[in-house]
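Novice: Structure, please.
(chains A and B)
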Amino acid sequence: MQVDRRLGWIAGAALFAGCAIAAPWLDGFTMSLLTLVFLFAWFGQASNLAMGFTGQLSLGHALFAGLGGYAVVIITTRYGLSPWFGLLIGMPIAAAAGAAIGWLAFRFGVRDVYFALLAIAVAEMMRVIFSNWNFVGGTGGIFLPALSPTNEPLRTLRGGALFYYAAALFLATAGTALLAWLRGARIGYLWRALRDDEAAARALGVRAPLHKILACAISAAMTALGGALYAHLNGVIFPDSMMGMALSIQIIIGPILGGLGTVFGPLVGALVVVPLGEISGTLGQSLGISGMNSIGYGLALILLIGLLPGGLWPAIVAGVQSLWRRR
Amino acid sequence: MLLSWLNILAGGVLIGIVYALIGSGLTIMFGVMRVVNFAHGEMVVAGMYMGYFAHSLLGLPAPLAAIIAAVVMFAFGYLLQRLLVEKFMARPQHIQFILFIGIALVITGLHLAIFGPDAHAVDGPITFATISLGPLSLDLVRVQAAGGAAVLILSLVLFLRLAPLGQAMRAAADNRTGSLVIGLNVPRICALASGIGAACAGAAGALISPVFDTEPYLGLEFTLIAFVTVIVGGLGSLAGALVGGVLIGLAEASAALAIDPQLKTAFSYGLLLLVLLLRPRGLFGADAG
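Specialist: Next comes the predicted model:
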């Protein structure tokens, strides 16, 4: 545990500081790739909180990303209000949706696979409803208007590549710090106690419903914030891309591969998964065979979880530890 | 007016029986292996391609193609379990989830690489043929699909009830440790269950290939349909899968009638939510997990 933490702090600080300092020298491709890495590190931390800390396998996180994204986009394009106000509405809506799912699951004893399916069902239902709801643009989605030349990124929460890079880097740093703090905080211990043995934890007086619902709500609000940034980054929002099952899967692959329940796992996971998707995509294109990208990506996923049972980050820690001992 | 409504509802029930076959495959895999097959829909799509090519290249009707698809997919499922999934049986659920997502991606990728992204539609006079049943007139391809699916579900039930191997399979599903103690070869039974599950998916795919256009990206949709079917009925119960499938078919058809065809999936998810909340283990599921 000691090595885990020390190594994490050193590597994490070096990574975040290095990426912040290196920003002016990055080319466009690297910058946009790292932007996605950091954004999915943030998404990963959000689902790590629900899945890794509290043990609730949620396969419907795209719902929260979509709610956050739609709230901000609708507030700004339909009502001309500040996107900050959109966040102020979208994050509580997502938190309420997360809390509602958590409450329903608890109230009706829905757990494990059934909880995952409950989350999928709610998310898919909302996706279909949004696809048929004209107010939110239906399947055609909503396109963001062109930026004015006098755009102030902090006012509109939109900007160039550098703005999104900085914002995603900030989120990834903040998310990692938040989870590091939560893990050591009282509530982090309560969550993990519930994850490892709910009956025992409740016997000791841990208020299971309250804390599980709280984890769902915080995780949902974090995902909504990421979703708003993702929608702005894309410049457009569709129900299929922002609320679909594909995004839900994309969100949870990183933390699971990186190491669920660890503070740095989701970051390491995103650093591997996002470039992996890009590489297999370009590889498939250069070979000229459609489908090669998903074959490569799928095989890489199977290989990684086959070789690294606990995830990437615990494997790295174990590797460093054995090096340390050998010296 | 009433008659056309009845026709649409009957069409929904017919497709629902095929959903029941898809769900039966998922439920057998879960019951015996305790593993959720997130690549189930992709296996259905594999069966659809087999059905399409059996029709367009060999001129075979869908029920014959379904037999071929069942045999091929049985071999696939058996080998998949023996060579890959077996090593993940003791791993946590989220790891198995990633494994099956990986498998699903590989299958979709193979479909794309081999058959391309375009939709393949079975054509010819059979797609327009109808059968009159009293006042109803039903699409021949749907009747054929439902009939084939019903026969397969029935033989599956008979196999599990009467054949020694089927009884061994039920024993392994009921009590894994106990069946190891009495000397059942549980890994082999798991591989058989995986083969049967994949065969159900493949046969169902071949049966519906004249009804829906075949595309590589349909997998996720069928996986979700299979989940809804099985959860509504109760994970691990064949009777539940049958009832769940027919209910989903009916819900989709009545949503298409009453509101908007676009909203039909929302209806079946609504049904799923209702069942999850009122009876978390499904209509036919065991009460204690």
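Novice: What separation is there between A:L171 and A:L304?
Specialist: 25 Å (CB to CB, to the nearest Å). For the C-beta atoms, the positions are set from N, CA and C on the backbone; glycine is no exception.
Novice: Next: A:L182.
Specialist: Taking CB to CB, one finds A:L182 at 26 Å from A:L304.
Novice: Looking only at neighbour counts, state which of these two leads.
Specialist: In terms of neighbours (other CB atoms under 10 Å in any protein chain shown), A:L304 is the more surrounded of A:L182 and A:L304; the figures are 22 against 19.
Novice: What separation do you get for the more buried one and A:P275?
Specialist: Distance from A:L304 to A:P275, counting by CB to CB: 13 Å.
Novice: Low-confidence regions, chain A specifically.
Specialist: A:1-3, A:327 (pLDDT under 70).
Novice: State the helix or strand in which residue 168 lies.
Specialist: By default, I'm working from chain A. Counting by DSSP states H and E, the element that carries A:A168 is helix A:161-184.
Novice: oops, chain B please
Specialist: Going by DSSP H and E, B:A168 is in helix B:164-174.
Novice: touching chain B at all, whichever helix in chain A runs longest?
Specialist: Criterion DSSP state H: the longest helix present in chain A is helix A:208-234. No. Residues of helix A:208-234 are not located near chain B by CB under 8 Å from any CB of the partner chain, the shortest gap being 14.9 Å.
Novice: Tell me the helix or strand right after that helix.
Specialist: Under the assignment DSSP H and E, the closest C-terminal helix or strand after helix A:208-234 is strand A:236-237.
Novice: packing partners for that following strand?
Specialist: When contacts are defined as 3 or more CB pairs under 8 Å, 6 or more residues apart in numbering or on different chains; DSSP states H and E, strand A:236-237 sits against helix A:61-79, strand A:142-143.
Novice: partners of the last one in the sheet?
Specialist: Applying DSSP bridges to the sheet, strand A:142-143 is found paired with strand A:236-237 (antiparallel).
Novice: who touches the partner strand?
Specialist: A:66, A:69-70, A:73, A:137, A:141-144, A:231 (CB atoms under 8 Å, 6 or more residues apart in numbering or on different chains).
Novice: ditto for stretch A:18-36
Specialist: Applying CB under 8 Å, 6+ apart, the external contacts of stretch A:18-36 come out as A:38, A:161-162, A:164-166, A:168-169, A:233, A:274-275, A:278.
Novice: for stretch A:151-167, same thing?
Specialist: Taking CB under 8 Å, 6+ apart as the rule, stretch A:151-167 contacts A:20, A:23, A:26, A:28, A:31-32, A:34-35, A:38, A:72, A:76, A:82-84, A:144, A:147, A:228-229, A:232-233.
Novice: quick one: the strands in the stretch 101-250 of chain B?
Specialist: Secondary structure of the stretch 101-250 of chain B by DSSP state E, counting those that start in this stretch: the strands cover B:130-133, B:136-139.
Novice: how about the residues of the stretch 101-250 of chain B near chain A?
Specialist: B:101-106, B:108-114, B:116-117, B:216, B:220, B:224, B:227-228, B:231, B:235.
Novice: And the nearest residue to B:L165 once chain neighbours are set aside, how close does it get to chain A?
Specialist: Of all residues not flanking B:L165 in the chain, B:L192 sits nearest, at 7.1 Å (CB to CB, 6 or more residues apart in numbering or on different chains). The gap separating B:L192 from chain A is 22 Å, by CB to the nearest CB, to the nearest Å.
Novice: quick one: pLDDT of B:L192?
Specialist: pLDDT, B:L192: 95.
Novice: Point out the residues in the stretch 51-200 of chain A that sit beside chain B.
Specialist: So the stretch 51-200 of chain A meets chain B at A:51, A:57, A:59, A:104, A:108-110, A:112-114, A:116-118, A:120-122, A:124-125, A:128-129, A:131-132 (CB under 8 Å from any CB).
Novice: No further questions, thank you.
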